Every structure is written in structure tokens, then in C-alpha cells.
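Engineer: Here is my input, please return the structure:
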Amino acid sequence: MTQKTKFTRRRFFRLGLYALAPYGLAFSDGFFIERKWIHLNHIVLSKKPTCRIAHFTDVHHKGDMAYFKKVIAKINSLQPDFVCFTGDLIEEASYLEEAISCLQEIQYPLFGIPGNHDYWSGISFTALQTCCEKTGGAWLLDQEVLSPDGEIAIIGSAGQSVSSQPPLNKGALKRILLHHYPASVDNIPQKFDLILSGHSHGGQVRLPFYGAITLPYGVGKYDMGLFQTKAGPLFVNAGIGYWALPIRILCRPEIALIEI
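Structural biologist: Model (predicted):
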């Protein structure tokens, strides 16, 4: 083996390391920093808003109490009129008690719905119903309730179908739909002032000029952010937790404050 060959191989190895370095940095950032670096998304949908709503989703709680409590503290700091949660609180039933203990620290009425992982965990929703009611809110399973001031109808879907929606309260000034799956918005016959969804996690890993590498079923073209649809404004939250890989790249966890 000649000296030139050795040099060429060493140089090739170094170039390979240099090429891979950005990916290593991105992965380490996504693992150690970005997946817990919460982004606050403030959205104003009215020239004269009368209601402030805090929205979070897809916690996928797996035992990290410090992080979950941090999320709740940020929600409380927003001083909303009420809080909406759009599914996937946990992945395993063994974490339900911990998750509820965190939700109990919310200082404002909490209105929530289940996501697919909540169903897959096999939990009963009785404890979550009690938890939400203690805050002045409700755990909604194809049900409609009024906000504490009686001016907003909050409708919560229990699953992916939109065919079982309750009749709308015609006395309410505004109507909000909580629905875990964004893609279902295309099948909603009614009009709403706001539709809140989750499920997508924003893809968790996004590339510049491309977007999400992959998305779960039930998202469609509504990966994250605000969309104008025939059923009304749809906001898809990027979520708080993660599924499968504990990583987020160019897709920080999100809490939204929406004024309508």
C-alpha cells in the first residue's frame, strides 16, 4: 500500500465525517434540546377577540413529570379563558394517574377529547371526566357543552368519524370543534368558528423546503398550523410529546394561545 493510497483513504474518511457532522448535530439538538423547547404560538382570529383559548395536544406522557409540569405551568401563565386538549394523553394505562395529577394543576376550565393512543391504552375515561369537571370543564365524547360564560359551544369528537356530532347549540355566539384527526375536516358538514386538532406532531422531523418526512394516517394535507377550510379555521397543533423516536427536528413542541 503506497503513502498516496493511505492519504486518499484518510482524506476520504475525514470528508465523510465532515459530511455527516451536520446530521449528527441535528440529531443531538433534536434529542437533547428541541424536543423539550416549547414554542408558544399566538394566533388572533378576530379584530375584536372576546375569548382566549390555550390549546395543547399529544402529550404521550411516559413518566417525565418535570416536563409535563413545565407544560402546565406555561399554560397557566397564559391566563386563558379556558383550555382545550385534543387527544393522546398517554400511551400506556400505567401512566394515567401521573398524567391526571398534572392536569389537576391547570387553573382554568379544561375541555378535552381522547386520541387513538388513549383508546389503545385501554383506559376508562371516568377519571378524566372527573378531572376535567373539577376544573369547570368537561371530557367530551361526541358531546357539546357551553363555555363557562355561556357564549361558546364546545363540541368534542370521540373518534375519527364526524357523523356522530351532536346538534349545534344555536344560542351560542361562537362554536368550537375539538377533533383529534385533522383530515376529517373535509367531511364536516357544519361551520365552526374554530376547529382544533392534533395527531400529526407536525411530523416530528421536518426538512427545510420540504416539510414533514412522514405523517400518520388521518392527517392528510393538514400537517401543522392554521388552515382555512370550508368548515372554518382549522388549527393543527404540533403537539407536546413524541411517538416512537424521542426526537424533534425543526418541529418544536407547541402550546397555542388562540384569540377568537
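Engineer: Show me the shaky parts of this protein.
Structural biologist: For the chain, applying pLDDT under 70 flags the ranges 1-33, 162-170.
Engineer: where along it do the helices fall?
Structural biologist: Secondary structure of the chain (DSSP state H): helices at 3-32, 65-77, 96-103, 116-120, 126-135.
Engineer: tell me the contacts of Q107?
Structural biologist: Contacts here follow C-beta atoms under 8 Å, 6 or more residues apart in numbering; on that basis Q107 touches N76, T135. C-beta: built from backbone N, CA, C; applies to glycine.
Engineer: and if we set it to 6 Å?
Structural biologist: Taking C-beta atoms under 6 Å, 6 or more residues apart in numbering as the definition of contact, the neighbours of Q107 are N76.
Engineer: What of C251?
Structural biologist: Taking C-beta under 6 Å, 6+ apart as the definition, contacts of C251 comprise G202, Q204, R206, A238.
Engineer: Tell me the one among these nearest to D58.
Structural biologist: Proximity to D58 was ranked across the contacts of C251 by C-beta to C-beta; first place goes to A238, at 8.2 Å.
Engineer: With adjacent residues omitted, what lies nearest to the closest one?
Structural biologist: Setting aside the residues directly before and after it, A238 is nearest to G202 in space (C-beta to C-beta, 6 or more residues apart in numbering), at 3.4 Å.
Engineer: ok, now R252?
Structural biologist: With C-beta to C-beta, 6+ apart as the measure, H39 is the residue that lies nearest to R252, at 4.1 Å, once sequence neighbours are left out.
Engineer: May I have the beta-bridge partners of that neighbour?
Structural biologist: In this structure, H39 has the following beta-bridge partners (DSSP bridges): E254.
Engineer: if I look at it, how far off is Q190?
Structural biologist: Using C-beta to C-beta, to the nearest Å, one obtains 30 Å as the distance from H39 to Q190.
Engineer: now swap in I75 and tell me
Structural biologist: 28 Å.
Engineer: same thing with P216?
Structural biologist: 25 Å.
Engineer: for G115, same thing?
Structural biologist: In this structure, G115 lies at 22 Å from Q190, with C-beta to C-beta as the measure.
Engineer: More neighbours: those two, which one.
Structural biologist: Comparing G115 with Q190 by other C-beta atoms under 10 Å, the one with more neighbours is G115, at 27 against 13.
Engineer: How about the contacts made by the more buried one?
Structural biologist: Contacts for G115 (C-beta under 6 Å, 6+ apart) come out as G87, D88, H180.
Engineer: ok, and the closest non-adjacent residue to it?
Structural biologist: Excluding the flanking residues, the one nearest G115 by C-beta to C-beta, 6+ apart is G87, at 2.6 Å.
Engineer: count of neighbours near that neighbour?
Structural biologist: That count, for G87 with other C-beta under 10 Å as the rule, works out to 27.
Engineer: cool, G156 as well?
Structural biologist: By other C-beta under 10 Å, 28 other residues sit near G156.
Engineer: can you give me phi and psi for the closest residue to it other than its chain neighbours?
Structural biologist: Beyond its immediate neighbours in the sequence, the residue positioned closest to G156 (C-beta to C-beta, 6+ apart) is L140, lying 2.4 Å away. Reported as degrees, to the nearest 10, the phi and psi values for L140 are phi -110, psi 130.
Engineer: quick one: the residue lying closest to H42 once chain neighbours are set aside from G232, how far?
Structural biologist: Among residues not flanking H42 along the chain, L257 sits closest, at 5.0 Å (C-beta to C-beta, 6+ apart). The spacing between L257 and G232, counted by C-beta to C-beta, is 19 Å.
Engineer: T214 too?
Structural biologist: Distance, T214 to G232, by C-beta to C-beta: 28 Å.
Engineer: between those two, which one's more packed in?
Structural biologist: Summary of the neighbour comparison: T214 and G232, criterion other C-beta under 10 Å, with G232 having more neighbours (19 against 8).
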